[in-house]
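Asks: predicted model and sequence follow; I will ask about them next.
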Amino acid sequence: MSILLGRSPDRSEPRAAPAHTGSRTTRILGAGVLAGVVGLGLFAFIFSPPDSRPGPEAGTRIGQFDVVRLMYVHVPAAIWTYIALGTCAAASAAYLWRRSAWWDRLAHACAEIGVVLCAVMLLTGMIWGRPVWGTWWEWGDVRLVTTLVLFLTYAGYLALRSVPAAPEARASRAAILGLGGAVLIPIVNRSVEWWENRTLHQQSTLEELRIEDLTLFTLVLGIFVMGLLVLWLVVHRFRVAWLEAEAESAGLQAALAERRAEAAEPVTAGPVAAAEPVTAGAADDGAGSAGP
Amino acid sequence: MRDVLLVAGKDLRIELRSRVLLFQVAPFAVATLVLLGFALDADRSALRNFSPGLFWVAVLLTALLAAQRSVAIEHAGRAADALLLSATSPARIFAGKALALAAQLAVLEALLGVAMVVLYDARVDHFGLAVASASAATVGIAAAGTLYGVLAAPLGVRETLLPVLLLPVFAPVLIGATRAFGDALGTAAVNGWAWFGLLGLFALVYAIFGALAYGPLLEAET
Amino acid sequence: MTHAGYIAAGWSISAALLVGYAVMILLRGRRLSGKVPARRRRWMTAED
């Protein structure tokens, strides 16, 4: 929890808080991602060999050749899509159980990042399929079609989340939808598998490719770097969700304080006094952050 | 069970009185079939070969309208609040609404089935398989439609949001029902009863999921 | 290198999507930060 939100506020008063979602944790993560991307680029394009092996006839070579270099993006994106959307479903279930905004925001962050990664996976898969399978899209491939339905399902989830609504109601609806997607996917997978009982997809990329040690290492490196990136994105996205909720309630507090001020009654101690520091803080901060 | 029938009866009575199903949804369904016929260039053998798929596409598009309608009558006049106050359990409300939707879909499917035989020259070889798989698919569609319908109901963008949410959910139904009908109509050499099993599984999963999820959703609405 | 066009297209589309998304998140965070009092931005309080 503290990774996502930082330490609890009562430990020390903020020194001039910078107006962004970064912290030391995310800066370390971000530096790791940048270094990892450079390393991955070196291994993916320079150190790792193209996929090729002797063909059935003497003197010929078969394999994916250099197009295998797309796998170093495609496979990590695929793995982290499933992890992110799986986390979204799990966090949805946890929200329905515990009803805490923390789980709701985690589900939202994971779904959004999962959908972006899913788009990356589908696009790189199609670009890879064109030279290797000879087609951009192959309806007979189970994983491809299932993944497209998965993408559409969670795009719908984000569509629902984008509709303005009361926070609690929106969280409940989104949680049910997030769980529903997880319920749906095994059925889709089964049905597509039966639908066309042939599959082009490599049973596992790791098996059919004649994996060189360096190829395998580059794949694992890609998965690791993508994992760091996903973690970095989740932390930032979670904080944005937190800020959104805070901004919403700060706006509400300000509106309430205005209403109370409008009522000509002399100000009584109690709720008004409690509300005032918040609005005062918001005004101060707004002025302060506009400067730099 | 009595509560379920009461809720279902209420929805069906509203439908009978308003005649939206008869005058709006049914013509829409038949018009869809006609347009699909135009799309395939009125090629008789192509139409017959693709009739299972065309039929189910028409059913699913029609189901979208019917699901919209099912939540619209609940949302107008805040009937959902009254249902909640009546102390009927959410699972029973869900079952009743899904049952009413399934009954309406069954009527529409019968109409579309006749239209399919007339317009596409389809022949039903295995009537039992066709009825069984259509029933399973209908229950699944009704359960998913009722659940996702109430999910999108209170939002201003219901008309555009509901199709986005529902169509991916309908993907396995379309695949399964098309294959089962392919066997029943003799256009595909597949084991239709296996597909009936898949449709039954979908219906069961979404009926249970919907019954469990309906409570939190209704609470969120009020 | 074989299939250089496909490889370049695949990597650059992925990079564009991921970097674009990351930048969008950071900008949204900066814009929203101005609207929220500093004391409620908890990740700022202790470490910086």
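Replies: That came through, no problem.
Asks: from here on, contacts and neighbour counts on C-alpha atoms
Replies: Noted.
Asks: stretch B:7-26: end-to-end distance?
Replies: Across its full length, stretch B:7-26 reaches 23 Å end to end, with Cα to Cα, to the nearest Å as the criterion.
Asks: and that stretch, average pLDDT?
Replies: The average pLDDT within stretch B:7-26 is 82.
Asks: how about the contacts made by the residue of chain B found nearest chain C?
Replies: Sorted by distance to chain C under Cα to the nearest Cα, the residues of chain B start with B:Val164, at 22.6 Å. Taking Cα atoms under 8 Å, 6 or more residues apart in numbering or on different chains as the contact definition, B:Val164 lies against A:Gly156.
Asks: check the one 5 residues further on too.
Replies: Contact criterion Cα under 8 Å, 6+ apart gives A:Thr153, A:Leu184, B:Ala144 as the residues in contact with B:Val169.
Asks: thinking again about what came up before, the residue of chain B closest to chain C belongs to a helix?
Replies: Yes - assigned with DSSP: H, G, I helix; E, B strand; the rest coil, B:Val164 falls within a helix.
Asks: thinking again about what came up before, which ones among the contacts of B:Val169 lie within strands?
Replies: Judged by DSSP state E, strands contain none of the contacts of B:Val169.
Asks: B:Val57: what secondary structure?
Replies: Following three-state DSSP, we place B:Val57 in the helix state.
Asks: what are the boundaries of the helices in chain B?
Replies: B:2-18, B:20, B:26-39, B:44-75, B:79-85, B:90-120, B:127-152, B:158-184, B:192-221 (DSSP state H).
Asks: worst average pLDDT in these?
Replies: Ranked on mean pLDDT, the bottom entry among the helices of chain B is helix B:79-85, at a mean of 65.
Asks: from B:Ala115, how far off is B:Asp121?
Replies: From B:Asp121 across to B:Ala115, the span is 9 Å (Cα to Cα).
Asks: so for the two, which residue has more residues nearby?
Replies: Just comparing B:Asp121 and B:Ala115: by other Cα atoms under 10 Å in any protein chain shown the higher neighbour count belongs to B:Ala115, 18 against 15.
Asks: which non-adjacent residue is nearest that one?
Replies: The shortest distance from B:Ala115 to any non-neighbouring residue, by Cα to Cα, 6 or more residues apart in numbering or on different chains, is to B:Val30 (7.1 Å).
Asks: below-threshold pLDDT in chain C: ranges please.
Replies: Along chain C, segments meeting pLDDT under 70 span C:42-48.
Asks: remind me, longest helix of it?
Replies: Longest helix in chain C, counting residues (DSSP H): helix C:4-33.
Asks: what comes up buried for it?
Replies: Judged by neighbour count using 16 or more other Cα atoms under 10 Å in any protein chain shown, the buried positions of helix C:4-33 are C:6-7, C:9-11, C:13-14, C:18, C:21-22, C:25-26, C:28-33.
Asks: so which elements touch that helix?
Replies: When contacts are defined as 3 or more Cα pairs under 8 Å, 6 or more residues apart in numbering or on different chains; DSSP states H and E, helix C:4-33 packs onto helix A:101-133, helix A:213-262.
Asks: most tightly packed of those helices?
Replies: Each of the helices and strands packed on helix C:4-33 was assessed for mean neighbour count using mean count of other Cα atoms under 10 Å in any protein chain shown. The highest is helix A:101-133, with a mean of 22.
Asks: which residue is nearest the centroid of chain C?
Replies: Within chain C, one residue has its C-alpha closest to the average C-alpha position: by Cα atoms, centre = their mean, that is C:Ala22, at 1.5 Å.
Asks: for C:Val23, give its distance to chain B.
Replies: 27 Å (Cα to the nearest Cα, to the nearest Å).
Asks: what's the distance between that residue and A:Val116?
Replies: 13 Å.
Asks: and what of A:Arg190?
Replies: Shown here: A:Arg190 relative to A:Val116, a distance of 25 Å by Cα to Cα.
Asks: neighbours of B:Leu99, how many?
Replies: When counting by other Cα under 10 Å, one arrives at 24 neighbours for B:Leu99.
Asks: whoops, B:Arg17 was the one
Replies: 9.
Asks: just the strands from the stretch 1-150 of chain A, written as ranges.
Replies: According to DSSP state E, counting those that start in this stretch, the stretch 1-150 of chain A carries its strands in the segments A:51-54, A:61-65.
Asks: can you pull the contacts of whatever residue of the stretch 1-150 of chain A ends up closest to chain B?
Replies: Using Cα to the nearest Cα, the point where the stretch 1-150 of chain A gets nearest to chain B is A:Val149, with a distance of 5.8 Å. If a contact means Cα under 8 Å, 6+ apart, then A:Val149 has A:Ile185, A:Val188, B:Pro168, B:Ala171 as its contacts.
Asks: show me the contacts for the second one.
Replies: Looking back up the chat, that one is A:Val188. By Cα under 8 Å, 6+ apart, A:Val188 lies in contact with A:Thr146, A:Val149, B:Ala171, B:Pro172.
Asks: any low-confidence regions in the stretch 51-200 of chain A?
Replies: Applying pLDDT under 70 to the predicted model, the residue ranges of the stretch 51-200 of chain A that meet it are A:196-200.
Asks: how about B:Ala132: what's its closest non-neighbour residue?
Replies: If the residues on either side of it in the chain are set aside, B:Ala132 comes closest to B:Phe196, at 7.2 Å by Cα to Cα, 6+ apart.
Asks: that neighbour: neighbouring residues, count only.
Replies: What B:Phe196 shows, counting by other Cα under 10 Å, is a neighbour count of 24.
Asks: make sure it is actually in contact with B:Ala130.
Replies: No - under the criterion of Cα atoms under 8 Å, B:Phe196 is not in contact with B:Ala130, lying 9.2 Å apart.
Asks: which neighbours do these two share?
Replies: Shared contacts of B:Phe196 and B:Ala130, counting by Cα under 8 Å, 6+ apart, come down to B:Ala180.
Asks: which residues touch residue 133?
Replies: Since you didn't name a chain, this refers to chain A. Shown in contact with A:Trp133 (Cα under 8 Å, 6+ apart): no residues.
Asks: was after chain B, sorry
Replies: Contacts for B:Ser133 were tallied using Cα under 8 Å, 6+ apart; they are B:Ala177, B:Ala180, B:Phe181, B:Trp193, B:Trp195, B:Phe196, B:Leu199.
Asks: from those, which two are the most distant?
Replies: B:Phe181 and B:Leu199 (11.8 Å; Cα to Cα).
Asks: would you mark the buried spots in the host helix or strand of A:Leu160?
Replies: With the criterion set as DSSP states H and E, the secondary-structure element containing A:Leu160 is helix A:142-162. If you call a residue buried by 16+ other Cα under 10 Å, then helix A:142-162 has these buried ones: A:142-147, A:149-158, A:160-161.
Asks: do you know how far B:Ala100 is from B:Val4?
Replies: From B:Ala100 to B:Val4 the distance is 10 Å (Cα to Cα).
Asks: tell me which of these two has more neighbours.
Replies: More crowded of B:Ala100 and B:Val4, by other Cα under 10 Å: B:Ala100, with 25 against 21.
Asks: list the contacts for the closest residue to that one other than its chain neighbours?
Replies: Excluding its sequence neighbours, the residue lying closest to B:Ala100 (Cα to Cα, 6+ apart) is B:Ala8, at 4.7 Å. Contacts for B:Ala8 (Cα under 8 Å, 6+ apart) come out as B:Gly96, B:Lys97, B:Ala98, B:Leu99, B:Ala100.
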